[in-house]
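Novice: Have a look at this prediction, sequence included:
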Amino acid sequence: MRLLKNLLLQLITLMQRYPGVLAILAFGSGIASYILVERKESLAQFIAVSLLISWLWLLIDNWLRERVERHFGLALSPNLMRFALQMVHQESLFFALPFFLAVTTWNHGQAVFTILIMICALLSLIDPLYYKKLAPRRTLFVVFHAFSLFVVLLVILPILVNLTTSQSLEAALYIAVLLSIPSLSTLMPNGHWWRFPLLVLLLSALGAGLWQLRSYVPPAALRLTGITLSQKVDYQQRKPGKSIRTLDVNQLQQGLFSWTAVKAPRGLNEKIFHVWLLNGKEVDRITLDIKGGSEQGYRAWTHKMNFPPNPVGRWQVKVVTESEQLIGLTRFTVNAATVTEVNEQLINP
């Protein structure tokens, strides 16, 4: 028992002395888990379960300290528990970061969400910022705590229970709000009872705000491996023809294929959409049902033949989930027909 107690004390001292090493290990485990998920290894599920248990452990802070003191004779100070909280934040954020880096569309608002994860990971790593700037601001700290939990849940829910991207997003919001409520007890000193419902309302408002901005949350469990616009598709090889970026009205009337390859490593059954937009306005939405898991990803296409009377302008084809989370997009431009082409159509209708 004394040996176990000494080892625990040495481990705590080591982690406090070299917090940067912990962050490196956390990020390394995130990359390793990402690779394992890609290969469908069960160890990835073990990592996800361990991470979820660490969050549940935070909920039983006081109870845990009493049991440790009773069985090991080791009194854990509140400072140690704050350090443990920092460790869980680091592990969660650096674990999730590789998943979001791999799927973020950087020329979209998704970049803001992923950059926010990177900033939070950096805050959890730098002690002066974490303890002197973030932790004393209790309301801000609870928001930080809820956001960290929300981010890691977006990754581990598809891994553990094969939820779709939309289901994971909704569940992560509910769980993050519910599991953050116990941490609000530290924000109610001197019997100010009204602060608790106020902070619950704050968390709920944060969750509702994130739901409204869900299109900017990258789908951690889905990755676009290819999107091509073409007027031909090889049905046997399941490959697109020559990629098109610019075409005129006459060429457009022949129809256009939108070929998409989406990788869902955990074998998710997901409904996605091809959303066609002209000058920023949606003109069509076509459904695709995907079943992921193959090395190349699930490959499918839509063939659009009906276009507006005046299709000239800048087009986008977005690949989105049921919850409007963007998986990827491509752009093309439609120009007006030339005078020569118009005359030929009049001569040879």
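Specialist: That came in fine, so what should we check first?
Novice: Okay, now the unreliable bits of this structure?
Specialist: 1-52, 54-82, 84, 180-193, 195-196, 199, 203, 265-269, 289-297, 337-349 (pLDDT under 70).
Novice: One more pass at 50, please.
Specialist: Low-confidence segments of the chain (pLDDT under 50): 1, 41, 339-349.
Novice: can you give me the strands for it?
Specialist: 223-230, 233-234, 239-240, 246-248, 256-263, 269-278, 281-291, 298-304, 313-321, 326-335 (DSSP state E).
Novice: Between those strands, which shows the greatest average number of neighbours?
Specialist: strand 256-263 (a mean of 23; mean count of other C-beta atoms under 10 Å). For every residue, glycine as well, the C-beta is placed using N, CA and C.
Novice: So what touches it?
Specialist: 222-233, 239-241, 244, 247, 270, 272, 274, 276, 288, 290, 292, 296-304, 317, 319, 327-328, 330 (C-beta atoms under 8 Å, 6 or more residues apart in numbering).
Novice: next one: stretch 319-328
Specialist: By C-beta under 8 Å, 6+ apart, the surrounding residues in contact with stretch 319-328 are 103, 105, 108, 110, 164-166, 169-170, 214-219, 222-224, 227, 260, 262, 270-275, 318, 329.
Novice: Could you rerun that using 7 Å?
Specialist: 105, 108, 110, 165-166, 169, 214-215, 217, 219, 222, 224, 227, 260, 262, 270-275, 318, 329 (C-beta atoms under 7 Å, 6 or more residues apart in numbering).
Novice: Between the two ends of that stretch, how far is it?
Specialist: End-to-end distance of stretch 319-328 (C-alpha to C-alpha, to the nearest Å): 5 Å.
Novice: picking up where we left off before, may I see the strands of the chain organised as CSV, with distance to residue 198 added?
Specialist: Output for the strands of the chain, formatted as CSV (distance: least, C-beta to C-beta, whole Å):
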stretch, distance to residue 198
strand 223-230, 40
strand 233-234, 56
strand 239-240, 54
strand 246-248, 55
strand 256-263, 42
strand 269-278, 38
strand 281-291, 39
strand 298-304, 46
strand 313-321, 33
strand 326-335, 34
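Novice: quick one: the longest helix seen in the chain to strand 326-335, angle?
Specialist: If each helix of the chain is counted by residues according to DSSP state H, the longest one is helix 78-103. With axes from the mean of the first three to the mean of the last three C-alpha atoms, to 10 degrees applied, the angle from helix 78-103 to strand 326-335 works out at 30 degrees.
Novice: Only the buried residues of helix 78-103, if you could.
Specialist: 83-101, 103 (16 or more other C-beta atoms under 10 Å).
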